[in-house]
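In: quick one: sequence plus predicted model below, questions after.
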Amino acid sequence: LFVVHERLTYLRPHGRMEPNEYRNATPEPKVAALKAGVLGWDNPRGGLPVGAITVPDRALLAPVKSALKKLGFLKKGLCVTPDHWCPSGSAIHVNHTGTHALMVAYSTDVGLLPSSLAEFLPPQGVCQWVPGLRVRSARCERQAHAAHAAHVAAASSGEDVPDSAAAPPTRKDPTFRFIELFAGIGGFRVGLEALGGEAVFASELDKEAQDTYRANFPHNVPENKANHLNHIVGDITEIDALDIPDHDILTAGFPCQPFSRAGPARSFEEGARGLLWMEIARVLHIKQPKAFLLENVANLVDVNSGQDFDIILRELTAIGYTVSWRVMNCRALLPQQRLRVYVVGIRQDLNGLTEQGASRRMVWPELPVLNTILRPLLEPVPPEHTLLTEHQYEKVCQSAAWKEDPQHRLARLDSRARTLMASYISGVALKSEFVSTPGFPRPRFFSPRECARLQGFPEWYNLDVCTRNPRRIYHQIGNAVSPVMVTAIGAAVLDALGIDCSAATVRSLVTLERASCRCRDIVRPALELLLSASPPLNREDLSEQVTKFLSAADPDHADPPFAAAGYGSPQFTPRDAFLVTRLLDEGSSEACRIEGLCTIARAAHYPSVGSGTFVTALKDGLLAVVARQLVDPLASSEVARLAVVTLSNLCERPDTASLVVAVLDDRHQQGMRDLRHSAAEADAGELRFAGQIDKLTKVFQLAT
């Protein structure tokens, strides 16, 4: 919607273009649109373009609204509000497309306005176009207007003016205050309340997700409803940023669908949904919190060759933050494969030293690689509704993936689950992973509680909210951020800000003793939350692993060992090389080896990340350690196959391909031949090898 083609191509006197014409109207790429300075793009700090037409006479309300609707410019949902600047006036709110069109017309030539609107707007009409007027601004909302009037009256009389936007505290002495944009069901809130934080504002568009949020955080809805910002609100584009309470940390898991591999990944071309990160920029620009923490799918880093992610990072930096990012996998802590990119910003004026003289710098957390598997998380008696219906099972059996390898769609209970997605139920025929239960005629879905455990939601979290549509909870959990990861990264952010969260009182089922070293104690609250997200039967074994990790005398040789802190910005460091090498030690567990190989494989995927130190580390022995997995008798077949994938990724890089050829000797080549032979003869059901065999062949041919 926000692309350039002679700036006004899509405006026509008789109305609007069809959606497909919008999409096909321009040959220029998105970056060219940014450089051209299209209104709405040239200042992301203003958020998505919004505005309203103010109508002074109620008799004009219906015809103006009808004209906007015919043009496709009328905002969905609440679109008509009072205009308190005019006693009998109203404001008709325009959607992002209409706002963009009207702002461009008024900034260039008013004569280009559609004729159906021109008769109501200056110079012909009496209505006014007001860019930036929001549905829930003080001018448009009765409650906000009344609160604003009282605020002004108190200020004019010399009285002390209370902070009308501050929500009632959820705890007596919070360590810090935070807000949630695109809150979902409160994953950020669960994670940061575990660090002693207080949520003062939340925004979520989905009504059913709001119900789940309120059911789990009822204290967020005040008895006095006069202040409309004291509870979770809907569309963030309707909220004036000045009305949002002051806070220390902004969190947001902005919509991932425009960037996900599960869809077309149209990114910014998705329209308003692909540009909602601009709303984050708007709030950051106005409120200037000390820090922010964002989460999205890992493919955000790759989409459009990384140009779109670079645009987002540049804008966040321009607002005044030192920005770093990491792609991290919750697999180290939870039995789920879930790659996500986390972006952290520390306000630039806070860089330097704390009052205690410590360096105020974001150091990404290093997580222990725990031996977690899927089986202990399953409910002993799964709910009946989790069983696939006959119709669903028939659709699954007819799918190509099931015909090729039925076992591939079944969860490996002694390993990890694949990534939980919002489409877990709706994508039953193509992507969903099932549980085979003895005595049941058909496979079943994971239960909602099992999904919550895979994501790291604690056992106290209430999932029995969506009574009208019980399966909607799957969509909500699949969209959620992992609270355990939020706690781990949030603790590192607080440490960079000099905020001590060690004495936080949290709703946790387990309390762990403080670790002797800082790098391990930072992840202690996350591990406490992890234990709270584990069923009682699994908690004892997991607690033993965690206690052993925290009590180790030497932090660099703890058991279980540290995982490298993902990959991203800052680049691959010598510390990362040390940690990965240790994960691949001869005596390491399968989980540790897989974590180490995945870290190298993904780092190799990003040339900007895996340069310099990364190549040096490979030359200094890290590559030989990877190749050793091909011939190590203690390495499982899955580890050996993953080593092939890692070597293949390195072969695709011009700066590391020759290193791979040099390190592979006759033993490694024989190991690859054996692996290829076993893959060709493997029974369908253990793993599908086609992609790995292709990578194996590529490495083998290059080496010979």
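Out: In hand now; what should we look at? As the structure is a prediction and not an experimental result, all values here were calculated from the model.
In: tell me, how many residues neighbour the closest residue to G77 other than its chain neighbours?
Out: Of all residues beyond its chain neighbours, the one nearest G77 is D235 (7.0 Å), with distances taken as Cβ to Cβ, 6 or more residues apart in numbering. All C-beta spots, glycine's among them, are computed from the backbone N, C-alpha and C. Residues near D235, counting by other Cβ atoms under 10 Å, number 18.
In: report the buried residues of stretch 310-320.
Out: I311, I312, L313, E315, L316, I319 (16 or more other Cβ atoms under 10 Å).
In: can I get those in a markdown table with secondary structure?
Out: Below are the buried residues of stretch 310-320 laid out as a markdown table (DSSP: H, G, I helix; E, B strand; the rest coil):
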| residue | secondary structure |
| --- | --- |
| I311 | helix |
| I312 | helix |
| L313 | helix |
| E315 | helix |
| L316 | helix |
| I319 | helix |
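In: contact partners for the residue nearest to G77?
Out: Applying Cβ atoms under 8 Å, 6 or more residues apart in numbering to D235 gives the contacts G77, V135, S203, L205.
In: among these, which are located in strands?
Out: Using DSSP state E, the subset of these located in strands is S203.
In: could you turn the buried ones of the contacts of D235 into a PyMOL selection?
Out: Per 16+ other Cβ under 10 Å, the buried members of these correspond to this PyMOL selection:
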select buried, resi 135+203+205
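In: and stretch 474-490, how far out from the chain middle?
Out: Mean-position distance between stretch 474-490 and its chain equals 8 Å (Cα atoms, centre = their mean, to the nearest Å).
In: repeat that for stretch 526-537.
Out: 22 Å.
In: wait, doesn't E586 sit right on L634?
Out: Yes: counting by Cβ atoms under 8 Å, L634 is a contact partner of E586 at 6.5 Å.
In: residues shared between the contacts of the two?
Out: Counting by Cβ under 8 Å, 6+ apart, nothing touches both E586 and L634.
In: can you pull out the helices in the stretch 401-550 of the chain?
Out: Assigned by DSSP state H, counting those that start in this stretch, the helices in the stretch 401-550 of the chain fall at 448-455, 472-479, 483-497, 518-521, 524-532, 536-550.
In: helices and strands around the last one, which ones?
Out: Judged by 3 or more Cβ pairs under 8 Å, 6 or more residues apart in numbering; DSSP states H and E, helix 536-550 is in contact with helix 518-521, helix 524-532.
In: quick check: mean pLDDT of stretch 522-533?
Out: With pLDDT averaged residue by residue, stretch 522-533 scores 87.
In: again with stretch 444-455
Out: In this model, stretch 444-455 has a mean pLDDT of 92.
In: can you give me the helices for the stretch 201-350 of the chain?
Out: With DSSP H, counting those that start in this stretch as the criterion, the stretch 201-350 of the chain has helices at 207-216, 277-287, 307-320.
In: which residues touch the nearest residue to H605 once chain neighbours are set aside?
Out: Spatial nearest neighbour of H605, chain neighbours left out: N649 (6.0 Å); criterion: Cβ to Cβ, 6+ apart. Applying Cβ under 8 Å, 6+ apart, we find N649 in contact with A601, A604, H605.
In: wait, isn't the first one in contact with A643?
Out: No: with contacts counted by Cβ under 8 Å, A601 stays clear of A643, the gap being 9.2 Å.
In: the more surrounded of the two?
Out: Comparing A601 with A643 by other Cβ under 10 Å, the one with more neighbours is A643, at 31 against 19.
In: most remote residue from this structure's center?
Out: In the chain, the greatest distance from the average C-alpha position (Cα atoms, centre = their mean) is reached by Q124, at 47.3 Å.
In: that one against A118, yeah?
Out: Yes: the criterion here is Cβ under 8 Å, and Q124 meets it with A118 at 6.0 Å.
In: low-scoring stretches of the stretch 551-700 of the chain, by residue?
Out: Along the stretch 551-700 of the chain, the model assigns pLDDT under 70 to residues 553-570, 607-611, 676-700.
In: hmm, try it at 90
Out: Where the stretch 551-700 of the chain drops to pLDDT under 90, the residues are 551-624, 626-700.
In: in it, which spans are strands?
Out: Taking DSSP state E, counting those that start in this stretch, the strands of the stretch 551-700 of the chain run over residues 567-569.
In: can you give me the helices in it?
Out: Remark: helices assigned in the stretch 551-700 of the chain by DSSP H, counting those that start in this stretch are 574-583, 590-605, 613-617, 623-628, 637-651, 657-663, 666-681, 690-703.
In: dump these to CSV, plus distance to T372.
Out: Below are those laid out as CSV (distance: least, Cβ to Cβ, whole Å):
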stretch, distance to T372
helix 574-583, 15
helix 590-605, 8
helix 613-617, 28
helix 623-628, 24
helix 637-651, 16
helix 657-663, 32
helix 666-681, 27
helix 690-703, 24
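In: how much space between the residue nearest to H605 and C466?
Out: 41 Å (Cβ to Cβ, to the nearest Å).
In: kindly report the same for H475.
Out: Note on H475: its distance to C466, by Cβ to Cβ, is 9 Å.
In: with L121 instead?
Out: According to Cβ to Cβ, L121 and C466 sit 44 Å apart.
In: next, count neighbours for L112.
Out: Close neighbours of L112, defined as other Cβ under 10 Å, add up to 16.
In: hmm, A105 and it touching each other?
Out: Yes: with contact defined as Cβ under 8 Å, L112 reaches A105; the gap is 4.8 Å.
In: ok, what's across the strand from P82?
Out: Bridge pairing for P82 (DSSP bridges) gives the partners S90.
In: quick check, it in contact with S90.
Out: Yes: P82 is in contact with S90 according to Cβ under 8 Å; the separation is 6.3 Å.
In: neighbour count winner among those two?
Out: Remark: of P82 and S90, S90 carries more neighbours, 21 against 16, as counted by other Cβ under 10 Å.
In: from D240, how far out is that one?
Out: Relative to D240, S90 is positioned 18 Å away (Cβ to Cβ).
In: please consider this matter closed, and thank you.
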